[in-house]
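[1] This is a predicted model, with the sequence first.
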Amino acid sequence: MTLRIAIGPSTFGAEDDTPRRMLEQAGLEVVPNPHGRRLTEHEIIHHLHDCDGLVAGLEPLNRRVLASTGHRLKAIARVGIGTTNVDLDAARELGIKVSNTPEPPARAVAELTLGAMICLCRRLVPINAAMHTGEWPKEVTLGLLGARVLLVGYGRIGRRVGELLRVLGAEVLVCDPELNPDSLLHGERLVTLADGLAEAEIISLHASGDRCLLGSAEFDRMRRGVFLLNSARGELVDEEALIDALEAGWLGGVWFDAFWNEPYAGRLLRFPQVLLTPHVATYTRQCRLAMEREAVENLLADLGITRVRP
């Protein structure tokens, strides 16, 4: 019997069909995403019918979804780092192996984070908009040399961002309660969240999990004019508290690439000082291909199939 593999991400193989060919050359039937977008719970249940494996994006893979497969689904290979959309306890109970691809996204996410940071601090968006209306604006803005940047979370992505910032001469503050201080070898300074918020000129979120880290009390501790960046998870920030801080003129600029609900259509859209991107930090050709290939290799291994390289 030919094993069937459901594909979750609508962009799987869009730039390079090597990952799809790897599945086909392993003798597997590939079932593509039929909607060209992220699947809802009802849609993913239907999509997984009679499938043995799933190449997953951010589809809701809760207990109800996993149980609907009737024990046929044996492996989930996540394209990306996070697995918060997967009920890992249910997967374990149902005998479904779950893998992810933690290495490839680090560089791409770090690159976009740095780009967004420079864009905010140098006010590129409003300056560009002003020039398009015939103005010739001259503003003194914040450079990264000597700037105090707080990185909340110092895993693979946080460390890569820290590397880029050090090259540009920024002072890197690190808040990560799980971090061994002896692992800070390049002049980073370990701080508590409260102290870091009070000191930083720029705050960039790279924490795992979905526990809210920034609420009203935390925004009150921040310096006026601080820049906030979030490429990790929307749930790390209380949206109402963020809106209040923006309305009070407390923040110099904000960038979000991850949201509470996606596609996002919330109140952040009202603020010109907020830069928004639709969860595309990993969307470089190099990163997508590397993640998709690794996800396919993980899936083949978990299904006990010899890897095939086109």
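    Perfect, thanks for sending it.

[2] Okay, now the unreliable bits of this structure?
    Applying pLDDT under 70 to the chain flags residues 307-310.

[3] residue boundaries of the helices in it?
    Assigned by DSSP state H, the helices in the chain fall at 18-25, 41-47, 63-67, 88-93, 105-121, 124-132, 156-167, 193-199, 216-221, 239-247, 285-302.

[4] Would you format the ones you listed as a markdown table with distance to P34 included?
    For glycine as for every other residue, the C-beta is placed from the backbone atoms N, C-alpha and C. Listed next are the helices of the chain as a markdown table, based on distance: least, CB to CB, whole Å:
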| stretch | distance to P34 |
| --- | --- |
| helix 18-25 | 15 |
| helix 41-47 | 7 |
| helix 63-67 | 16 |
| helix 88-93 | 24 |
| helix 105-121 | 26 |
| helix 124-132 | 37 |
| helix 156-167 | 32 |
| helix 193-199 | 44 |
| helix 216-221 | 42 |
| helix 239-247 | 32 |
| helix 285-302 | 19 |
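
[5] which one of those lies closest to R270?
    Nearest to R270 among the helices of the chain is helix 239-247 (8.6 Å), distances taken as CB to CB.

[6] Buried residues in that closest one, which are they?
    Within helix 239-247, the residues scored as buried using 16 or more other CB atoms under 10 Å are E239, A241, L242, I243, A245, L246.

[7] So for the last one, what's the nearest residue that isn't a sequence neighbour?
    The reference is to L246. Closest residue in space to L246, ignoring its immediate chain neighbours: F271 at 5.1 Å, by CB to CB, 6 or more residues apart in numbering.

[8] Any idea which of the helices of the chain gets closest to S208?
    Of all those, helix 156-167 sits nearest to S208, with 9.7 Å by CB to CB.

[9] which parts of that closest one are buried?
    Using 16+ other CB under 10 Å as the test for burial, helix 156-167 gives R156, I157, G158, R159, R160, V161, G162, L164, L165.

[10] Repeat that for stretch 279-294.
    Neighbour count says stretch 279-294 has H279, A281, T282, T284, C287, R288, L289, A290, M291, E292, R293, E294 buried, by 16+ other CB under 10 Å.

[11] The fifth one is in contact with A110, isn't it?
    When you say that, I think you mean C287. No. If you go by CB atoms under 8 Å, C287 and A110 don't touch, sitting 10.6 Å apart.
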